[in-house]
Every structure is written in structure tokens, then in C-alpha cells.
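Asks: I'll drop the sequence and a predicted model, then ask my questions.
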2 protein chains.
Amino acid sequence: MSSALSGVEASAIGLLKRAVEQDGKGKAQEALVCYKEGIKLLMEVMRETTDQIRKQAFRQKIEQYMERAEKLKNHVDSQIEAGKYHQAIQITNDSTGHSYRSMFTPYLDELVTEVHIEDPYIRSNHQIYNLLRFCELLVMSVAPVKRIHLLTGRDENVHLQHNKLGELQRSLAEHSVEMIVSYSDTLHDRVVRFNNGWIIKIGRGLDYFKRTGQYSIGFCDMDLRRCHETTVDVFHSKHTKDG
Amino acid sequence: MSSALSGVEASAIGLLKRAVEQDGKGKAQEALVCYKEGIKLLMEVMRETTDQIRKQAFRQKIEQYMERAEKLKNHVDSQIEAGKYHQAIQITNDSTGHSYRSMFTPYLDELVTEVHIEDPYIRSNHQIYNLLRFCELLVMSVAPVKRIHLLTGRDENVHLQHNKLGELQRSLAEHSVEMIVSYSDTLHDRVVRFNNGWIIKIGRGLDYFKRTGQYSIGFCDMDLRRCHETTVDVFHSKHTKDG
């Protein structure tokens, strides 16, 4: 197992190095994710280590990183408290690793029961699949989502759009989730709001994935799909409307 | 955050309870997964706890569970060492949570460079998507897979099957993975072998998912897809052939 272990150790060190870098740059949320994942891996290494002296050294390192991550977490919490939180994430052209799971999971917790999606382009087939994947993420997540409010534009073929969204609605109902669909012809903004206060604005809305071959790697797993360039702005509001 | 926290704590307790149950029944591999996930969540709770007495109590619990998990891990390792490892997992009719990620991840580590797939039915469109999803898992996993050997049967429309597999081969090549396809008309067994010694035999091969609506929850995320009943047998061989 030694070579497998050193691989995990290397990954842990890489992540923690990145955490410290991001931390230095003031990118708190990314740093927190890296600390968390890095600490997790380092704990795995510690568990597998039989040498008691190395084990103790790992334990000390883990505690140091935990302490720093806790302080940072408290800092982020106080920013949120003061209503000052804003983070801009850049998705670069042709980059990968931006599935909805990767993008939205950090903002989904046990307090999210309602989700608002405003996106003028949930119309064509691949856009409805975007919505389906986003809904699947909600169903799989820790968030006990009960209601999804979708506001979108009407497709040229309204009938088809309505049928597809209807199937999704019935399917969500089987998972005890109600989806309420409204249409607007003047909608421009693209925004996802969770009722725990997180607001995620993606320049392109949910439609930021590039096309790929039908039998190619990245057709099913969106973390492997190349992306269009777009900016993601994350805000937090303690006083979001629920209606 | 207190209600979110107590949710995580409840999940942690649930997992650790399940770990102890499975442990008691001799289901070592499942117990290990539950211990690992449960400990991970309990660490999150500990990190978020500001009360120093509670924090210390969590730390003690975590260490107890870690100790048990380590002992169990050593036991599994010794079974593998003796060539005695065998585990049967039952996928029940209509159950969910059996994506390839959930099924195969426990057996993929940094030692896996070659994968053998024998499955007579990688023929029709949805079966080729099964293979695509399996390959995506390999590309995303920690395993540095360099070569995939596929042995399958010829479809009635060999030309179409060949074209689809060809696109997948070219796409894998871009990820530095070579896929070698061979055909057999007499193949019956369904087996996946990793060259770290793990052998996974699924009664139905990769084709154990039920059909679902095209715009329904579970169409894209296979952890949400209902399954056919099938048995999965996991073996470990220290002396697997590589060829």
C-alpha cells in the first residue's frame, strides 16, 4: 500500500499548498474548500500510518491546518453577517471541472428548502437537460428542497417546451419536490437564489457548457465537459425574499 | 448555523450506527465506508463546535471510531493477503444509489493502470453509454489508468457499434488512455478486473439500470436511476494476469 499512500499524501500536500496560496490572496471560499479536502486526505494518510512518530506528526499538522481553517471560516461568517460578502469566480474558456455539483454544492446546506432559478434560456433540448441536471443535484444534495421556482422565456415551440418541463415536474413530484414554472418575455438576468441567503449569478446562466461528441468523454460527466468563458458572482443576503 | 450543524451531526451518528451494525454482521467493506464517512462528518461537526468541552468529547469519539476502523482495515488486508477475500453485494429490484461511481470507487486506487472489461453486451446505444460512463469514472478517479481492454460481442449492426466505440477510443486517447477492443462470439462471463487485484463480477454486467423517462430525475444522474435485481461478487487476487 505504500505507493498508494504516498499518492494520497502528495494530493493532500498539493491541496494544502493551494489552500495557503488562496488564503494569501484573500480567496477565502476556495481556500476553505482546499483546507477541508486537504485535511480530509491527510487524515486518511494518518489513519493508514503505523509508525507512531509519523502518526503524531500528521496529527499535529492536521490540528494546525484545522485551526487556520476555523479562523478563516469565522472571518467569512462575519463578512456574511455584515452583508459584505462578494466573490467573483472566473470560468475560463475550455476549462473543465465546473459541473453544477462542483459549482453549487458549497452553497447548499440543510437550510435550503426553496430555490429560485431565473434564466431566460431554459428552452431548447440541451437547456432543458441543464435544468434536469441542476434538479438532480438538488435532489441528491443535503438540502431538503421542497420547492423550485423557475422563471424562463417561452420557446418558439412552446408546446414541446411545456411537455418536457411537465415530465420533469411530475418526476420531481415523485421526489416530493414541487416545481413552479412561470414565463416572462422580458427577463434578462440569470440568477440562482437559495433561501439560506446565497445568490449565484452566472453570466451565461446554466448554459455555459460547450458541445461535445455524443460518444466522447465529457458527454455524460459534466466535470469533464469543456466550458465557455463566463463569470460567476456569488453574494449573500441575510434578507432574501422567499416569495 | 445550529440547525444545519445538528443535521450534520445526525447524519454522522446515523452513519456510525450503520457502521457498527455492518461491522457486527461481518460486512467489513461496507462498515469501513460508513466509518470513514461518519468520521469525516463528525470531524466537520467538531470543527464547527466552539464549546471546548463538546469539542473534546467529539475528538475522543472520533479517535475511538478511528481505532476500530483501523483494526477492521487490518483484518480485511490480512484476508486479502491470504487470498480469501470474497464479498457478495445484492442490488435489489428498483433500488437506487448504484452508479458506477458508487460501485467501483472503493476498488480504484493509485495502483490501477490497466482495466479489463468482459461484457458480451456493449452493443446497443444505451449499452455503449454504460461503457462511456464507466470510462468517464476511470478518467475522473484517482487511478492513473493507461489502458482499457474491452472484450465484447458483435452487434447486429457491427458498423454502427464500431463507429461509436471508435469515437470513444479517440476521445479516451485525448486523455492519454488507450482502449483496446476485441470481439468474441462465445463470451458469456461479465467481469471487470483492475490490475491492483480487485475483480468485480456483476450478474448483469454493466447493464443493470432500468429505463426511465427522457426528462425525468435519474435520466442523467445514475445514482438516482432505479436498478434491476442483480448480484455483485467482489474478489481479490494477488496474482491477476495483466495480459
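Replies: Happy to help now that I have it.
Asks: roughly how far apart are residue A:231 and chain B?
Replies: 25 Å (C-beta to the nearest C-beta, to the nearest Å). (Glycine included, C-beta is placed from N, CA and C.)
Asks: show me what contacts residue A:165?
Replies: Shown in contact with residue A:165 (C-beta atoms under 8 Å, 6 or more residues apart in numbering or on different chains): A:122, A:128, A:131, A:150, A:179, A:181, B:215.
Asks: ok, then the element right after the one helix or strand it maps to?
Replies: Using DSSP states H and E, residue A:165 sits within helix A:158-174. Per DSSP H and E, the first helix or strand lying C-terminal to helix A:158-174 is strand A:178-183.
Asks: Counting neighbours, what do you get for residue A:76?
Replies: 16 (other C-beta atoms under 10 Å in any protein chain shown).
Asks: In this structure it contacts residue A:85, no?
Replies: Yes: taking contacts as C-beta atoms under 8 Å, residue A:76 lies within contact range of residue A:85: 7.2 Å.
Asks: Now do the buried residues in the helix holding residue A:165.
Replies: Applying a neighbour-count criterion of 16 or more other C-beta atoms under 10 Å in any protein chain shown, the buried positions in helix A:158-174 are A:161, A:164, A:165, A:167, A:168, A:169, A:171, A:172.
Asks: any idea how far chain B is from the fifth one?
Replies: In this view, residue A:168 and chain B are 5 Å apart by C-beta to the nearest C-beta.
Asks: ok, now how distant is that residue from residue A:147?
Replies: To residue A:147, residue A:168 is 14 Å away according to C-beta to C-beta, to the nearest Å.
Asks: now the second one
Replies: Look at residue A:164 and residue A:147: by C-beta to C-beta, they are 20 Å apart.
Asks: Please list all residues in contact with residue A:45.
Replies: A:5, A:8, A:9, A:12, A:58.
Asks: Mind listing residues that contact the helix or strand encompassing the second one?
Replies: Read that as residue A:8. Using DSSP H and E, residue A:8 falls within helix A:2-24. For helix A:2-24, the surrounding residues in contact (C-beta under 8 Å, 6+ apart) are A:28, A:30-32, A:34-35, A:37-39, A:41-42, A:44-45, A:48-49, A:65, A:68-69, A:72, B:109-111, B:142.
Asks: change it to 7 Å
Replies: A:30-31, A:34-35, A:37-38, A:41-42, A:44-45, A:48, A:65, A:72, B:109-111 (C-beta atoms under 7 Å, 6 or more residues apart in numbering or on different chains).
Asks: Between these, which sits nearest residue A:207?
Replies: Closest approach to residue A:207 among those (C-beta to C-beta): residue A:30, at 23.9 Å.
Asks: which residues does that closest one contact?
Replies: So residue A:30 contacts residue A:22 (C-beta under 7 Å, 6+ apart).
Asks: tell me which residues in stretch A:196-213 are buried?
Replies: Counting neighbours by 16+ other C-beta under 10 Å, stretch A:196-213 gives A:196-202, A:204-209 as buried.
Asks: mind giving me a markdown table with the residues you listed and columns for pLDDT, secondary structure and distance to chain B?
Replies: As requested, the buried residues of stretch A:196-213 are exported to a markdown table (pLDDT from 0 to 100; DSSP: H, G, I helix; E, B strand; the rest coil; distance: C-beta to the nearest C-beta, whole Å):
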| residue | pLDDT | secondary structure | distance to chain B |
| --- | --- | --- | --- |
| A:196 | 91 | coil | 8 |
| A:197 | 91 | coil | 12 |
| A:198 | 91 | strand | 13 |
| A:199 | 95 | strand | 18 |
| A:200 | 96 | strand | 18 |
| A:201 | 96 | strand | 23 |
| A:202 | 96 | strand | 19 |
| A:204 | 96 | coil | 20 |
| A:205 | 96 | coil | 18 |
| A:206 | 97 | coil | 13 |
| A:207 | 97 | coil | 16 |
| A:208 | 97 | coil | 17 |
| A:209 | 98 | strand | 12 |
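Asks: Out of those residues, which two are the most distant from each other?
Replies: Most distant of these, by C-beta to C-beta, are A:197 and A:209, 27.1 Å apart.
Asks: before we move on, what SS does the most centrally placed residue in chain A have?
Replies: Nearest to the mean C-alpha position of chain A, by C-alpha atoms, centre = their mean, lies residue A:104 at 2.0 Å. Residue A:104 falls in the helix class when you classify it by DSSP: H, G, I helix; E, B strand; the rest coil.
Asks: Hmm, it is touching residue A:137, no?
Replies: Yes: using C-beta atoms under 7 Å, residue A:104 is in contact with residue A:137, at 6.2 Å.
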